[in-house]
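Q: Coordinates only, no sequence provided:
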DNA sequence: TATTTTTAATTGACTGGCCAATCAATAAAA
DNA sequence: TTTTATTGATTGGCCAGTCAATTAAAAATA
């Protein structure tokens, strides 16, 4: 069987298998055997390439975050106004794959793991920071920086919350509804803070629709995107 | 050593110890020995009173949720206007004990566990529902029910999100700041929807995308509906 | 009251199973 | 013949759960 050049193939297969196993199982307490079986190799091989279970888990997380980051970047670059970019970030957070129960389960497991593993925490925080500064950067062109920071924090929290609650499957909110809720938040905050994108009109009447508001940012490209999860963190 | 009437004492001590151990450890993968040590008894005794580790964990979760519920009820009863009651619910969610790192870690672990354990999921869902209906009840006196449901969903998500994010300790947002963010959300939404808190709502209800629990209108039907159509003047 | 019996509390010692990690052996490229 | 890929078999440790034994309070009995 030994055919050279298998290493990268196996590594990828094992990381994919890990993600799937963790998602299915809903916990990091999956056995190397199960992961290996998913990947169609022996447990010993997993140890051979990754050294330990912990290293395999970390590699899997790194891989996932990298993937998500790439997708987010792509989505943001696909549109051009700051407001559209904001929507792109939100949209990508609730993209289909992200909303799949197994993906949510895996994320939750990683989050929980971050309470124990410093390295896991580091990775999640790093990712969160990147995304956050992205949000703040766009928001800062629409309102004072101080407000931008606050609103970014709120939006990120809401995305995380919607995401987590999805994991409970209590009241399955659709992805579209989740996006709408988050956009509502953004719009309402921007309006309060300084009129949509510009002026300083303290709260315009509701029911009347603000031109900007209902923007349909759906210029989205990617059917391929394996979007990013919530936006974490801070700086 | 045998002194009668120890059962309730031990049970409580063991549940407290479980919460602490889980919080410290940041995972449900704590050993019965560790829990027992925290409680100052032998592992065998824990089994004696709870039958299994799983039962002990479930009892601990039930206990925690009960506690939270009691606190919430008390806080809500202490004030009298709907608006105040809303603030009370928010405030209680971010109360000190809740915000301690170990408590947050424990919560995360339980959320993750809910992906695996149906019973754990049931308990958390029940709690989430109660919180939600509580919010909706108050909000419904301040705005149309449809909006109340939507806003409650958003507020609950934000609370959960802020809470969970605290677990990453990337950007330690203070409890006060968390409360402020949530209140901001409420205020902004109420303002948009029908005047600040008080009556005065001549506006037709802003038609938001009905997030509606349970519904899953998205995906299939309109691709064009995906964007973020908040407030269009519906009336 | 003194003595015996029952009952609750508690633990040490043990078991069976699981699983991460190791390693020597094998198979096939190079 | 060297190198790479791959695995079966094994080991060592850990841990949930069991059980019989011990202690002392309480209840029953004399």
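A: Perfect, thanks for sending it. All of these numbers come straight from a predicted model, not from anything done at the bench.

Q: CA atoms for contacts and neighbours, from now on please.
A: OK.

Q: which residues touch residue A:49?
A: Residue A:49 sits next to A:7, A:11 when contact means C-alpha atoms under 8 Å, 6 or more residues apart in numbering or on different chains.

Q: quick one, phi/psi of it?
A: phi -90, psi -30 (degrees, to the nearest 10).

Q: what pLDDT does it get?
A: For residue A:49, the pLDDT comes out at 98.

Q: does residue A:107 belong to a helix or a strand, and which?
A: helix A:101-114 (DSSP states H and E).

Q: any idea how far residue A:89 lies from DNA strand D?
A: Applying C-alpha to the nearest atom of the strand, to the nearest Å, the value for residue A:89 to DNA strand D is 38 Å.

Q: what does the average pLDDT come to for the helix holding residue A:107?
A: 91.

Q: Tell me the first helix or strand C-terminal of that helix.
A: Trace forward from helix A:101-114 with DSSP H and E and the next one is helix A:118-139.

Q: Enumerate residues external to that following helix that contact any of its residues.
A: Outside helix A:118-139, the residues touching it (C-alpha under 8 Å, 6+ apart) are A:58, A:61-62, A:65, A:69, A:82-83, A:85-86, A:89, A:110-111, A:113-115, A:145, A:148-149, A:152-153, A:156, A:231-235, B:168, B:170.

Q: among those residues, which are within reach of DNA strand C?
A: The subset of the contacts of helix A:118-139 within reach of DNA strand C, by C-alpha under 7 Å from any atom of the strand, is empty.

Q: Please type out the ChimeraX selection for whichever of those turn out to be buried.
A: Listed next is the ChimeraX selection for buried residues among these, using 16 or more other C-alpha atoms under 10 Å in any protein chain shown:
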select /A:58,61,62,65,69,82,83,85,86,89,110,111,113,114,115,148,149,152,153,156,231,232,233,234 /B:168,170
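
Q: among the helices and strands of chain A, which has the poorest mean pLDDT?
A: When the helices and strands of chain A are scored by mean pLDDT, DSSP states H and E, helix A:96-99 comes last with a mean of 77.

Q: how many other residues sit next to residue A:80?
A: Using other C-alpha atoms under 10 Å in any protein chain shown, residue A:80 is surrounded by 11 other residues.

Q: what do you get for residue A:33?
A: Residues near residue A:33, counting by other C-alpha under 10 Å: 14.

Q: can you check residue A:109 too?
A: That count, for residue A:109 with other C-alpha under 10 Å as the rule, works out to 25.

Q: Now do the contacts for it.
A: Residue A:109 neighbours (C-alpha under 8 Å, 6+ apart): A:22, A:26, A:27, A:28, B:112.

Q: wait, which of the residues you listed is closest to DNA strand C?
A: residue A:28 (8.8 Å; C-alpha to the nearest atom of the strand).

Q: ok, that closest one to DNA strand D distance?
A: Counting by C-alpha to the nearest atom of the strand, the gap from residue A:28 to DNA strand D is 15 Å.

Q: Excluding chain neighbours, what is closest to that residue?
A: residue A:22 (5.6 Å; C-alpha to C-alpha, 6 or more residues apart in numbering or on different chains).

Q: And the helix or strand encompassing that neighbour, what's buried?
A: Using DSSP H and E, residue A:22 maps to helix A:6-25. By neighbour count on 16+ other C-alpha under 10 Å, the buried set for helix A:6-25 is A:10-11, A:13-25.

Q: quick one: the helix or strand encompassing residue A:160 to chain centroid distance?
A: Element membership for residue A:160 (DSSP H and E) is helix A:145-168. Distance of helix A:145-168 from the chain centroid (C-alpha atoms, centre = their mean, to the nearest Å) equals 11 Å.

Q: Pull out the buried positions in that helix.
A: Buried residues in helix A:145-168 (16+ other C-alpha under 10 Å): A:147-168.

Q: mind giving me the domain ranges of chain A?
A: The record's domain parsing of chain A by automatic domain parsing lists A:1-51, A:66-235.

Q: how far does the first one sit from the chain's center?
A: In other words, domain A:1-51. In this view, domain A:1-51 has its centroid 24 Å away from the chain centroid, taken as C-alpha atoms, centre = their mean.

Q: is that domain up against DNA strand C anywhere?
A: Yes. Contact between domain A:1-51 and DNA strand C, assessed by C-alpha under 7 Å from any atom of the strand, occurs at A:1-4, A:29-33, A:43-44, A:47-48, A:51.

Q: filter those to the buried ones?
A: A:30, A:32, A:43.

Q: Contacts only, for the second one.
A: Read that as residue A:32. Counted by C-alpha under 8 Å, 6+ apart, residue A:32 has contacts A:43, A:46, A:53.

Q: Quick check, the residue in chain A closest to chain B?
A: Proximity of chain A to chain B (C-alpha to the nearest C-alpha) peaks at residue A:161, 3.7 Å away.

Q: nearest spatial neighbour of that residue, skipping sequence neighbours?
A: Here the residue nearest residue A:161, using C-alpha to C-alpha, 6+ apart, is residue B:161, at 3.7 Å.

Q: can you pull the contacts of the one you found?
A: With C-alpha under 8 Å, 6+ apart, residue B:161 has these contacts: A:156, A:157, A:158, A:159, A:160, A:161, A:162, A:164.

Q: Mind doing that once more with 6 Å?
A: Residue B:161 is in contact with A:157, A:158, A:160, A:161, counting by C-alpha atoms under 6 Å, 6 or more residues apart in numbering or on different chains.

Q: First residue to last residue on stretch A:161-178, what's the distance there?
A: 10 Å (C-alpha to C-alpha, to the nearest Å).

Q: Now the element after the helix holding residue A:22, going C-ward?
A: helix A:32-39.

Q: can that following helix be found next to DNA strand D?
A: No. No part of helix A:32-39 sits near DNA strand D under the criterion C-alpha under 7 Å from any atom of the strand; the closest distance found is 8.1 Å.

Q: buried sites along that helix?
A: A:32, A:34, A:35, A:36, A:38, A:39.

Q: Setting aside sequence neighbours, what's the nearest residue to residue A:165?
A: Using C-alpha to C-alpha, 6+ apart, the closest residue to residue A:165 is residue B:157 (7.0 Å).

Q: Does residue A:141 belong to a helix, a strand or coil?
A: Secondary structure of residue A:141, reduced to three states by DSSP: H, G, I helix; E, B strand; the rest coil: coil.

Q: Quick check: chain neighbours aside, which residue is closest to it?
A: Per C-alpha to C-alpha, 6+ apart, closest to residue A:141 is residue A:82, 7.2 Å.

Q: okay, the one you found: pLDDT?
A: 96.

Q: Quick check: phi and psi at it.
A: phi -60, psi -40.

Q: Pick out the most distant pair among the buried residues of helix A:6-25.
A: Longest distance between any two of the buried residues of helix A:6-25 is 21.5 Å, between A:10 and A:25; criterion C-alpha to C-alpha.

Q: Up against DNA strand D, what does chain A have?
A: A:1-7, A:10, A:40-45, A:48.

Q: In the helix or strand hosting residue A:72, which residues are buried?
A: Per DSSP H and E: residue A:72 is located in helix A:53-77. Within helix A:53-77, the residues that count as buried by 16+ other C-alpha under 10 Å are A:53, A:56-65, A:68-69, A:71-76.
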